[in-house]
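Participant: what would the 3D arrangement of this be:
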Amino acid sequence: MLKNVFVTAGLACCALGANAGVNVVAGNSNSLTFLDLTTIATAADIYTGSVDYIRLAPAGMQGSSYIAVGYVPQNAHSITTVDLSGLPDPVTYVSFLWGSPDTFNHLTVVTDNGDFGGYYEFDASGLSFATLPLTFSGSNGSSAYIGFQLDGQNGDTEITGLVFSLNGERAQNAFEATDFSVTAVPEPETYALMLAGLGVVGFMARRRKAA
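Facilitator: Model prediction:
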């Protein structure tokens, strides 16, 4: 489980600079790789459907449920975690569908660095916010898949969780997310190698058949 994450995630002393160590990369929209929300999120923060002016199911979501925080008590909590520490293999990449991105959204990527973990903040007050390939209009039409890749520069070896919260006093808004995956999208070069490998296998099979 994530240790002391609610206490330490917001402390400025825990932020690791301009997020060197966690890079923003392409998100994964392959539904075959999505995690079961009930295994990584708090049940009270998982919803289905939309409620006007309270929470909105992210546009383009492929599952049936999503997490939402903010606008308490209509939504259960003003902060929640997605816990990746219990997965079978160490996580170095995580992706999700960011619903109706807005400037009050605050994301913390938590790693295993140090006694209480490393914290990489992504919000409107930091330089890293500009690196997010999202349109922060608050429109559900701006929902998009986004990925975060650990590069190990600061000694981190795995991503242990995500913290979703809000900036400022935006009590009447929510932060929604869904379709979580820890399977990275292969680079074009990887696809090329895979196809080349399949071609070699096919060629060898044809040779055996001809023989």
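Participant: okay, CA-based contacts and neighbour counts for the rest of this
Facilitator: Fine.
Participant: can you give me the strands for this protein?
Facilitator: Here the chain has its strands, by DSSP state E, at 22-26, 46-47, 66-69, 80-83, 93-99, 105-111, 118-122, 144-150, 159-166, 175-181.
Participant: just name the most buried of those.
Facilitator: Highest mean neighbour count among these (mean count of other CA atoms under 10 Å): strand 66-69, with a mean of 28.
Participant: kindly export that strand (C-alpha atoms) in CSV.
Facilitator: Coordinates of each C-alpha in strand 66-69 appear next as CSV, following Å, rounded to 0.1, in the frame of the first residue of the first chain:
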residue,chain,number,x,y,z
TYR,A,66,-14.5,5.7,-13.6
ILE,A,67,-13.1,7.5,-10.5
ALA,A,68,-14.1,11.0,-9.5
VAL,A,69,-12.9,13.2,-6.7
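Participant: packing partners of that strand?
Facilitator: Judged by 3 or more CA pairs under 8 Å, 6 or more residues apart in numbering; DSSP states H and E, strand 66-69 is in contact with strand 46-47, strand 175-181.
Participant: among these, which comes closest to S29?
Facilitator: strand 175-181 (7.6 Å; CA to CA).
Participant: in the protein, where is pLDDT below threshold?
Facilitator: Within the chain, the segments meeting pLDDT under 70 span 1-19, 114-117, 124-131, 168-172, 185-211.
Participant: show me where it has helices.
Facilitator: Taking DSSP state H as the criterion, the chain carries its helices at 5-8, 188-210.
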